[in-house]
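Give me a model of this one.
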Amino acid sequence: LLLFMITAVSIFSCTNDYDPGLIENLGMKEQPLRIITKVLTTKSPNFMQEFTRGSVIGLHVVSESTGNIYDSNPDYKNVRAEAFLVNYKLNWRQSPDIYLNEEPVTVYAYYPYQSQVNFDPENIPVRISPDASLTKDYMYGIQASGQRAVNQISPVALLNMNHTLSLLSFQLRITPEAEGCFLLHAIQIGNKAGGTALCFKGKMNIKTGNIGGCAGTNASTRLKLNTPRMLKKIPDEPQQLMVIPTSRIRTEVLFTINETTFKYKIPANTKWEKGKRYIYNLLFNGKDITLENVSTSEWLPVEGNMKNTIL
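Numbers count the residues shown, from 1 in each chain. Sure, this is the predicted structure:
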């Protein structure tokens, strides 16, 4: 180490010129970026891993000082990163690799990855599928606060991944006076006649997770149960659908029970925010559906029949 320091001092004391070759020889060459993806919730001080092997996210890498594409390299606009496991630990393989110099970077991420010729980080397409089980769990990621500058000296970026949709969870039970056997076959959510508040297509900003550029339609999203669920007096496993956040509710939920459709109208002052889970506890007396209570929580991984939640 002493010999190395003496050599370094002697080299730079002989010239004032900056020689990248000398820097590389002294171990200061560019380093490949590594990322760690976590989801932090207000329910716990701990990080929870949300992705599994084969998950693919997109990275957008910019200069911390200017906000422009890092190193003026257009390949760093929408970098594909795929998850793989090493000794049960999640790692990410980027294509192409991102090499960092002394200039710090800011890294943004989004899920799921979309290959776009004209990639715009502030207008990433988001779509709610008519089949609720096929809707993607759209997410956006930003660098965790408090970490040191990300550059060749410290080439690791910790990314907090956040849900950008709202998760609606319905728990339906029958009242004591209800007689007979009632089977739940499907749940559908959409705008009421003349309503346009609930959007089914939009554009996500990778930096904020906000979705804009959408207009409501008469479209709907429907969750069909593979096996009809018998309604009981005690709430059973919740049925869940994802929607684009909105604050202008004019929406109704349709429940198909014993091949008959029953409506529940969402109250007009309802607001659905990104990254929130809304739990509706509903009562069914054989003729009508009424609200028992509704609660809000952070969107946490839960067991259930929602196939596209990434666990």
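
Find the residue closest to Gln94 in space, skipping its chain neighbours.
Ala81 (4.7 Å; C-beta to C-beta, 6 or more residues apart in numbering). Using the backbone N, CA and C atoms, a C-beta is placed for each residue, glycine as well.

Show the model's pLDDT score for that neighbour.
With respect to pLDDT, Ala81 has a value of 96.

Pretty sure it sits in a strand.
Yes - judged by DSSP: H, G, I helix; E, B strand; the rest coil, Ala81 forms part of a strand.

show me the residues around it that make contact.
Residues near Ala81 by C-beta atoms under 8 Å, 6 or more residues apart in numbering: Ile35, Val56, Ile57, Gly58, Leu59, Trp92, Arg93, Gln94, Ser95, Ala109, Tyr113.

Would you list the buried entries among those?
With burial judged by 16 or more other C-beta atoms under 10 Å, the buried subset of those is Ile35, Val56, Ile57, Gly58, Leu59, Trp92, Gln94, Ala109, Tyr113.

list the contacts for the closest residue to the second one other than its chain neighbours?
Meaning Val56. Excluding the flanking residues, the one nearest Val56 by C-beta to C-beta, 6+ apart is Tyr113, at 4.2 Å. By C-beta under 8 Å, 6+ apart, the residues touching Tyr113 are Val56, Ile57, Gly58, Arg80, Ala81.

Could you single out the nearest of those residues to Asn118?
Asn118 lies nearest to Gly58 out of those, by C-beta to C-beta, at 14.0 Å.

isn't Arg173 right next to Pro235, touching?
Yes - using C-beta atoms under 8 Å, Arg173 is in contact with Pro235, at 4.9 Å.

who touches both of those two?
Contacts common to Arg173 and Pro235, judged by C-beta under 8 Å, 6+ apart, are Asn281.

With distance to Gln152 added, can I get the contacts of Tyr113 in JSON lines?
Rendered in JSON lines, the data for those read as follows (distance: C-beta to C-beta, whole Å):
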{"residue": "Val56", "distance to Gln152": "26"}
{"residue": "Ile57", "distance to Gln152": "23"}
{"residue": "Gly58", "distance to Gln152": "23"}
{"residue": "Arg80", "distance to Gln152": "22"}
{"residue": "Ala81", "distance to Gln152": "19"}
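
Which one of these is nearest to Glu273?
Ile57 (22.7 Å).

Skipping adjacent residues, who's closest to the closest one in space?
Using C-beta to C-beta, 6+ apart, the closest residue to Ile57 is Tyr111 (4.7 Å).

and the one you found, how many neighbours?
Neighbours of Tyr111 under the rule other C-beta atoms under 10 Å: 23.

Let me see the contact set for it.
Taking C-beta under 8 Å, 6+ apart as the test, what Tyr111 contacts is 51, 55-58, 136-141, 161, 310.

try 10 Å
37, 50-51, 55-58, 81, 136-141, 161, 163-164, 310 (C-beta atoms under 10 Å, 6 or more residues apart in numbering).

try Lys192
So Lys192 contacts Leu198, Asn218, Ile249, Arg250, Thr251, Glu252, Lys263, Lys265, Ile266 (C-beta under 10 Å, 6+ apart).
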